[in-house]
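# coords please:
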Amino acid sequence: MPSLNEKKNSKGRVLVAMSGGVDSSVAAALLVEQGYEVIGATMQVWDYTSCDITEGSGTCCSSLDVDDARSVADKLNIPFYVLNCEAKFKASVIDPFIKAYLNAQTPLPCVNCNTYLKFDHLIKKMKELDCDYLSTGHYAQIVTNEKGQAQIKTSTDDWKDQTYFLFTIDPEIVPKLLFPIGHLKKPQVREIAEAKGLVVAKKKDSTGICFVGAKGYEQFIKENVAADILASKKGQIKRFPSGEVMGAHEGIHLYTIGQGKGLGMTYHEKLFVISIKAEDNSVWVGEEKYLLKDEVNIIEPQWLTEIEEGAEYQVKIRYQHQGSAAVISKTENGYKLKFKEAQRAVTPGQAAVLYKNQQLVGGGWITLN
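Model prediction:
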């Protein structure tokens, strides 16, 4: 394995976040091919011996994934590091994930992982190793506008696009980011991996929440929260909007806005979770029409570029949302988005992310207050 001494005569030194999956592996391979001096790094974020996840089968950053990443690094003849990030991952991702569910929200842990690990911890490591750039296998693109400013744009692969999870990135580090596979579609990425003889060419994609596993988030929370705290989250199921008590539930963390199955009761018409109130642990259910809202408030906004109040943007209110036109205005606590068409199941804890002509503008956390 090559050592890190003086920089080679290259296009620049790049630290590549290698999860052990095909996307980040191909990202590293393409950068080597393009003439960069590449260094691989894998974050060990979770002790997979404590859960039922089958390592290397839809996970990321497990011990087998680390082995896969190291194998790819060896194949590419690049230096490779394993960074132990378990404590930071727990504090920045797992603990907020649990807290959100216990506070009647549906969390978005991938954003926190990007915010506090990939584009914070790894940025520090990038500087420590005297790298010019940080690269990941995200499906996103970096483009330069007419003023020479680096901006984040959506991927060519609409289905895999991951810009929704990147709205918290510090605008100052965008010029230092490389997304080598953002112009490709997933089948092309696998073809490249196969052509280059990478062991991960046919490896399954990471799916779901990496630290939860097959047991599901309900069991995960049960194993990581004291029984008396969970017991304190029990309450009543009420009919929306009348307030009629329809039954009892075992905890607000078991429900999310828009849920139509597993409500723990039978009724002559289809009911959905309309809202969840942490103050009295009530779960409100009603007809699907009550899930439609044409306004959403966001707090803790973060912008990668200037926004124009009163302007119209394309807004995604969840990862797999197609996006819908909305006008933005300032409020006392953040911003309000007024949609042209009502949106289904606006969910606290998720993010509303804004785009203009495929460019990532920024976003904020959804609140119904």
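# Low-confidence ranges, the chain, go.
Applying pLDDT under 70 to the chain picks out residues 1-6, 9, 47-62, 207, 369.
# For the nearest residue to Gln358 once chain neighbours are set aside, grab the count of nearby residues.
Distances taken as Cβ to Cβ, 6 or more residues apart in numbering put Thr154 closest to Gln358, at 4.6 Å, once the chain neighbours are dropped. The C-beta positions use only the backbone N, C-alpha and C, and glycine is treated the same way. A count of neighbours around Thr154, defined by other Cβ atoms under 10 Å, yields 21.
# Now Thr154, what are its backbone angles?
Dihedral angles of Thr154 (phi, psi; degrees, to the nearest 10) stand at phi -60, psi 160.
# same check, this time on Gly148
phi 80, psi 20.
# The spatially most central residue of the chain: what secondary structure?
By Cα atoms, centre = their mean, the chain has its centre lying nearest to Cys110, at 2.7 Å. Counting by DSSP: H, G, I helix; E, B strand; the rest coil, the backbone at Cys110 sits in helix.
# returning to that earlier point: can you name the residues bridging to the residue nearest to Gln358?
For Thr154, the beta-bridge partners under DSSP bridges are Ala140.
# what's near enough to touch it?
By Cβ atoms under 8 Å, 6 or more residues apart in numbering, the contact set of Thr154 is Ala140, Gln141, Asp161, Thr163, Tyr355, Gln358, Gln359, Leu360.
# my read: the residue nearest to the centre of the chain touches Phe165, true?
Yes. Between Cys110 and Phe165 there is a contact under Cβ atoms under 8 Å: 4.8 Å.
# for the stretch 201-350 of the chain, what spans make up the strands?
Secondary structure of the stretch 201-350 of the chain by DSSP state E, counting those that start in this stretch: the strands cover 235-239, 245-249, 272-277, 282-286, 292-303, 312-316, 324-330, 334-344.
# With respect to Ser24, which of the contacts of Thr154 is nearest?
Among the contacts of Thr154, Ala140 lies closest to Ser24 (Cβ to Cβ), at 12.9 Å.
# residues contacting the closest one?
Residues in contact with Ala140 (Cβ under 8 Å, 6+ apart) are Ile152, Lys153, Thr154, Ser155, Asp161, Gln162, Thr163, Leu166, Phe179, Gly182, Leu360.
# distance between the longest helix seen in the chain and the chain's centre?
Secondary structure of the chain per DSSP state H: the longest helix is helix 63-76. Helix 63-76 sits 23 Å away from the centroid of its parent chain (Cα atoms, centre = their mean, to the nearest Å).
# next helix or strand past that helix?
Once helix 63-76 ends, the next helix or strand along the chain (criterion: DSSP states H and E) is strand 80-84.
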